[in-house]
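[1] Below are the sequence and a predicted model for it; my questions follow.
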Amino acid sequence: VVIVGAGQAGFQAAASLRMEAYDAPITLIGEEPSLPYQRPPLSKGFLEGKQNVGNVELRPDAYYRDHKIDLISGSEVIRINRANRSVELRSGQRFPYETLILAIGSRVRKLSVKGAELDEVCYLRTLDDAIRIRQRLETARDIVVVGGGFIGLEVAAVARSMGKSVAVVEAQSRLMPRAVAPVISDFYQELHLGHGVQIHLATVVREIAAGQVFLSDGSAHKADLVIVGIGVLPNVELAQDGGLTVADGIVVDEYLRTEDSNIYAIGDCAQHPNPFAGQSTRIESVQNAVDQARCVAANIAGRGEPYRAVPWFWTDQFDIKLQMVGLSGGSVHLVTRGNPTSRKFSVFYFKEDRLAAIDSINRPGDHLVGRKLLAAGTALTPDQAADERLDLKSLQQQA
Ligand SMILES: Cc1cc2nc3c(=O)[nH]c(=O)nc-3n(C[C@H](O)[C@H](O)[C@H](O)COP(=O)(O)OP(=O)(O)OC[C@H]3O[C@@H](n4cnc5c(N)ncnc54)[C@H](O)[C@@H]3O)c2cc1C
């Protein structure tokens, strides 16, 4: 097996193959120079200086030797040759494969305004990006964060906790607009405002000049550091050049196989049929990367099962943890359990009266039960969700 991309999904595919007792050679090829690492801490504990490089690495060096995983770091795969089943590195080196797993992830979307190329403008995707931002945070005083999604808000929370002046600029009329219900956006707006973060909604950056950011609402912000978090684009070019079908991601079937039965695609780069979305979708999360890798490893080991893991996600901002389970997009009926003023509540999302997702703030119990209810397809009515006297665990036990 050759795995291209040594991120969360690529690493897990190699590790899971060995756990499946797959004993043929595994080559894991990654463009980044480091050992495979996890990205979530890069906008949380690592950025704050509470974790170091060793803490974010998925395994130490010895793991790869002990498990006979041939890890080739700092090497970009530039071509897939499907006719003779091999991949080619930029160095010209070729690796033959019987099975190829594409785990090539995504890359940041770039800001395209005047001044976006200035040195003080940073993006956060890789360990090197995080090291650079961490260094800049030591001396920066005024920070503008472009994008009020998960990464932008996590970075804003860290920077504000370090005593920096922070302004968040979000193009939509509320925070995390694509991911959560308005009640949760409002909660996070209050949270950030309460900590002294300035927030500009329905506003875009017009121009960045040395030391200043000009916004569409006419205001100008002092900024010696601009951190941009406006989403990612899936890496599809390698697959596309190899003649594979791509859309918003590399298109795979329910077994995560491309139209070439020897090639799989997993993680951020894969557009897959997802029973919780009711259609093909692409998901950017650790859960998705890990579970898709496990699914493919099981398929290669001959235990073929379609991918149907329950999607879940989390974000940490200040002292608040938001845990999300299911896919809430397209939900029409929303029920709040608990009270936002208590800083402990959950939003239950329903599509056609079926539970679709639960977002929980400081209510890990709801999240854990939710994972089980959604996995089992247990019926839950909006009235039941709203009724605090009903113990959700009892439904789970009945199921
Ligand atoms: C700052 C940050 C915070 C996050 N926080 C959370 C969180 O709290 N919770 C959560 O669930 N998710 C979070 N995520 C998202 C999560 O980390 C990603 O969804 C996950 O890493 C996807 O794994 P992947 O293996 O598909 O892609 P990646 O981790 O991006 O790995 C892909 C790898 O492939 C390499 N590659 C690409 N092309 C080639 C090539 N041609 N040749 C060789 N190598 C190649 C890339 O360099 C990269 O190392 C966060 C992401 C970031 C950036």
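    Great, that's in hand.
[2] Going by C-alpha atoms from here, please, whenever you check contacts or count neighbours.
    Fine.
[3] Now do the helix ranked longest in the chain: everything it contacts.
    When the chain is parsed with DSSP state H, its longest helix is helix 286-300. By C-alpha atoms under 8 Å, 6 or more residues apart in numbering, the surrounding residues in contact with helix 286-300 are 8-10, 12-14, 16-17, 20, 255-256, 264, 266-268, 304-307, 309, 311-313.
[4] Return the subset of these lying in helices.
    Q8, A9, G10, Q12, A13, A14, S16, L17.
[5] Which one of those sits in the busiest neighbourhood?
    Ranked by neighbour count (other C-alpha atoms under 10 Å), the ones in helices among the contacts of helix 286-300 have A9 at the top, with 33 neighbours.
[6] so that one sits right up against G267, yeah?
    Yes - between A9 and G267 a contact is recorded at 5.6 Å, counting by C-alpha atoms under 8 Å.
[7] Which neighbours do the two have in common?
    Shared contacts of A9 and G267 (C-alpha under 8 Å, 6+ apart): A103, A289, V290, Q292, A293.
[8] Would you mind listing what in the stretch 51-200 of the chain touches the ligand?
    By C-alpha under 6 Å from any ligand atom, the residues of the stretch 51-200 of the chain that approach the ligand are S75, E76, V77, I78, A103, I104, G105, S106, L124, R125, I151.
[9] residue contacts, the fifth one?
    Taking C-alpha under 8 Å, 6+ apart as the contact definition, A103 lies against I3, V4, G5, A6, G7, A9, G10, A265, I266, G267, D268, C269.
[10] can you list contacts of stretch 5-18?
    With contact meaning C-alpha under 8 Å, 6+ apart, stretch 5-18 is reached by 3-4, 26, 28-32, 36-38, 67, 69, 73, 101-105, 266-267, 286, 289-290, 292-294, 296-298, 300-301.
[11] Oh, that last question was meant for stretch 215-229, not what I typed.
    Stretch 215-229 has contacts (C-alpha under 8 Å, 6+ apart) with 108-111, 120-124, 136-137, 140-149, 151-152, 203-207, 210-214.
[12] Quick check: mean pLDDT of that stretch?
    The predicted model assigns stretch 215-229 a mean pLDDT of 96.
[13] now do stretch 91-107
    On average, stretch 91-107 scores 98.
[14] How far off centre is stretch 229-236?
    Its chain's C-alpha centre and that of stretch 229-236 lie 10 Å apart, by C-alpha atoms, centre = their mean, to the nearest Å.
[15] can you give me the end-to-end distance of it?
    With C-alpha to C-alpha, to the nearest Å applied, stretch 229-236 spans 20 Å between its terminal residues.
[16] ok, that stretch near the ligand or not?
    No - against the ligand, stretch 229-236 shows no contacts by C-alpha under 6 Å from any ligand atom, the least distance being 6.5 Å.
[17] list the buried ones in that stretch?
    Within stretch 229-236, the residues scored as buried using 16 or more other C-alpha atoms under 10 Å are G229, I230, P234, N235, V236.
[18] can you check stretch 116-129 too?
    Buried residues in stretch 116-129, counted by 16+ other C-alpha under 10 Å: A116, E120, V121, C122, Y123, L124, R125, T126, L127.
[19] who touches it?
    39, 42-43, 107-108, 130, 133, 207-210, 224-229.
[20] got it, and stretch 260-267?
    For stretch 260-267, the external contacting residues (C-alpha under 8 Å, 6+ apart) are 8-9, 98-105, 244, 250-252, 256-258, 283-285, 288-290, 292-293, 296.
[21] And these, which of them are buried?
    8-9, 99-105, 244, 250-252, 256-258, 283-285, 288-290, 292-293, 296.
[22] ok so, going back, what is the mean pLDDT for the longest helix of the chain?
    For helix 286-300, the mean per-residue pLDDT is 98.
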